[in-house]
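A.B. asks: Quick one: sequence and predicted model below, then my questions.
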Amino acid sequence: MNKFIVLIFLGSLVLSCNRQSGIVNRAALKGITSIAVLPVEVIMSGKQPARLKAEQIERIEEAESKMLQGRIQESVVNATMGRKKRNVAVIDMDKVNNNIVLSGSSVRSSWSVDTEKLAKLAGADAVIRARVTKTRYMSNLASYGTSVGADVLDILKKFYVPGALISDSKVEGSGVMKKTHSVDVNVRLISAKDGSVLWSFSDVFDSDWDTSVDQSIAESLGRMALRFPAFK
């Protein structure tokens, strides 16, 4: 029983280490009156569908960049407006992106542009830079098939087939991979004044056929919004 409790504790500890957030500079937050959300850096790695060419993957990354930028902006607006603290202006992302384009950059190239330069273009006291890395392992259909196959093997092992005939490595929970993606979400609130990080959030998780990668990312950004700092 004691071993079981220890295992649960260690498991929860590992999971909690995959999600971190914190205010790095609380004093500097007092001087922030406006925030801009920059285009999100999206990285698609791993085993991509064979039909997708490199140019198509880049277009998908750029489309998702704007989509996630909008989700973060919505989350931040809700987080800052729904609290009994002073309101902070969130500059519309369309204005931000338009100023970036007028400066000669693009959505993709902005990912590597200096933060202070982008903050000046946006006209904000602080900017939110985010990076989402999606490592793909298999399709949802393949994940579902693997899950069903693992369940069948588990039943056979327990009730019909002698244990020696089926290796543990082939049974669910013992090496069968069902995840479609591993995702790494990193969000930082950065000062326009000196480029220092005022607040950060990171989240690492997996998705499978039962929970799509887009849904998992949306839920992660929801957790981010709950941890977003209050401006006093």
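C.D. replies: Here it is on my side, so go on. Numbers count the residues shown, from 1 in each chain.
A.B. asks: drop to CA atoms for contacts and neighbour counts, all remaining ones
C.D. replies: OK.
A.B. asks: By mean pLDDT, flag the weakest helix or strand of the chain.
C.D. replies: Lowest on mean pLDDT, DSSP states H and E among the helices and strands of the chain sits helix 140-155, with a mean of 41.
A.B. asks: Just the buried positions in the next helix or strand after it, please.
C.D. replies: Following helix 140-155 in sequence order, the next helix or strand is strand 179-191 (DSSP states H and E). For strand 179-191, the neighbour count (16 or more other C-alpha atoms under 10 Å) marks 179-191 as buried.
A.B. asks: Neighbouring strands of strand 179-191 in the sheet, and parallel or not?
C.D. replies: In the sheet, strand 179-191 lines up against strand 126-136 (antiparallel), strand 197-208 (antiparallel) (DSSP bridges).
A.B. asks: tell me the most buried of these?
C.D. replies: Ranked by mean neighbour count, the strands paired with strand 179-191 are led by strand 126-136 with a mean of 22 (mean count of other C-alpha atoms under 10 Å).
A.B. asks: tell me the pLDDT at the residue nearest the centre of the chain?
C.D. replies: By C-alpha atoms, centre = their mean, the chain has its centre lying nearest to residue 185, at 2.7 Å. Here the pLDDT value assigned to residue 185 is 96.
A.B. asks: do the one 3 residues further on as well
C.D. replies: Taken from the predicted model, the pLDDT recorded for residue 188 is 96.
A.B. asks: do the same with residue 122
C.D. replies: 94.
A.B. asks: number of nearby residues for it?
C.D. replies: 26 (other C-alpha atoms under 10 Å).
A.B. asks: Ok, residue 194 next?
C.D. replies: Quick note: residue 194 (other C-alpha under 10 Å) scores 10 neighbours.
A.B. asks: so the residue nearest to it when sequence neighbours are not counted is in which element?
C.D. replies: Leaving aside its sequence neighbours, residue 194 sits nearest to residue 116 (C-alpha to C-alpha, 6 or more residues apart in numbering; 7.3 Å). Assessed by DSSP H and E, residue 116 sits inside helix 115-122.
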